[in-house]
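Enquirer: sequence-free structure coming up:
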């Protein structure tokens, strides 16, 4: 089974807070772990991605933490802003194959 | 960066008619393109993998004769929803992977299909 389990389903934070979204995967062959941001009526946009040879990657306000032994990875959004309010999807895949998406997290950042 | 153009962005059609959705990679060649379907407040579900010059690979449960995929060139894949019914109403999204390798999957902006 190549499931990717994402939590929480929804998340509400105040401006400046640090929302954390978690994902767990099952297939040890996966070697690509991206996070996507999606606004209503739009396609997903890549935020940040990580390979399993590193435990953390930071790009701007977005950080991925990766735990290979636990088969888990998470997204941290530093200094969150109302404009970050969107649906976030984690995904997992391989260099030759397709992506499997998590269930999505609806993030709301209050001013 | 890589850009994938999807057209149309929305379409309304009558039940029983067919609708074609185009997915183009604008600044790179895509050997492989993917077609997803997304219902409101749900995740993306992969429908099929489209390979240039060969038949598409459909996911389990996806009707091949209903969702026709053609990938005739390295920059264009099309999805045709044949004999559309209201239950086919959904948000369809394509993505493409750069032929040059790497892990980049670029998504189109999606097509909202409404069948009335």
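Expert: Structure received. Predicted, not measured: the structure shown is a model, and the values here were computed from it.

Enquirer: now the helix or strand where residue B:96 lies, how far from the chain's geometric center?
Expert: Per DSSP states H and E, residue B:96 falls inside strand B:90-97. Centroid separation for strand B:90-97 versus its chain: 5 Å, with CA atoms, centre = their mean, to the nearest Å.

Enquirer: so who does the closest residue to residue B:58 other than its chain neighbours touch?
Expert: Distances taken as CB to CB, 6 or more residues apart in numbering or on different chains put residue B:48 closest to residue B:58, at 4.5 Å, once the chain neighbours are dropped. Any C-beta I mention is one placed from the backbone N, CA and C, and that applies to glycine too. In this structure, residue B:48 makes contact with B:34, B:35, B:56, B:57, B:58, B:59, B:62, B:67, B:69, judged by CB atoms under 8 Å, 6 or more residues apart in numbering or on different chains.

Enquirer: Then residue A:9?
Expert: Residues in contact with residue A:9 (CB under 8 Å, 6+ apart) are A:103, A:104, A:105, A:106.

Enquirer: likewise residue A:70?
Expert: Counting by CB under 8 Å, 6+ apart, residue A:70 touches residue A:24.

Enquirer: got the contact list for residue A:59?
Expert: Contacts of residue A:59 by CB under 8 Å, 6+ apart are A:47, A:48.

Enquirer: Next, residue B:34: phi, psi?
Expert: Per-residue torsions, residue B:34: phi -120, psi 140 (degrees, to the nearest 10).

Enquirer: Am I right that it is in contact with residue A:97?
Expert: No. Judged on CB atoms under 8 Å, residue B:34 makes no contact with residue A:97 at a distance of 10.1 Å.

Enquirer: Between these two, which has more neighbouring residues?
Expert: Set side by side, residue B:34 and residue A:97 show more neighbours around residue B:34, with 24 against 15, by other CB atoms under 10 Å in any protein chain shown.

Enquirer: Next, the contact list for the residue lying closest to the more buried one once chain neighbours are set aside, please.
Expert: Nearest non-adjacent residue to residue B:34, counting by CB to CB, 6+ apart: residue B:95, 4.8 Å away. Applying CB under 8 Å, 6+ apart, we find residue B:95 in contact with A:43, A:99, B:4, B:33, B:34, B:36, B:105, B:106, B:107, B:108.
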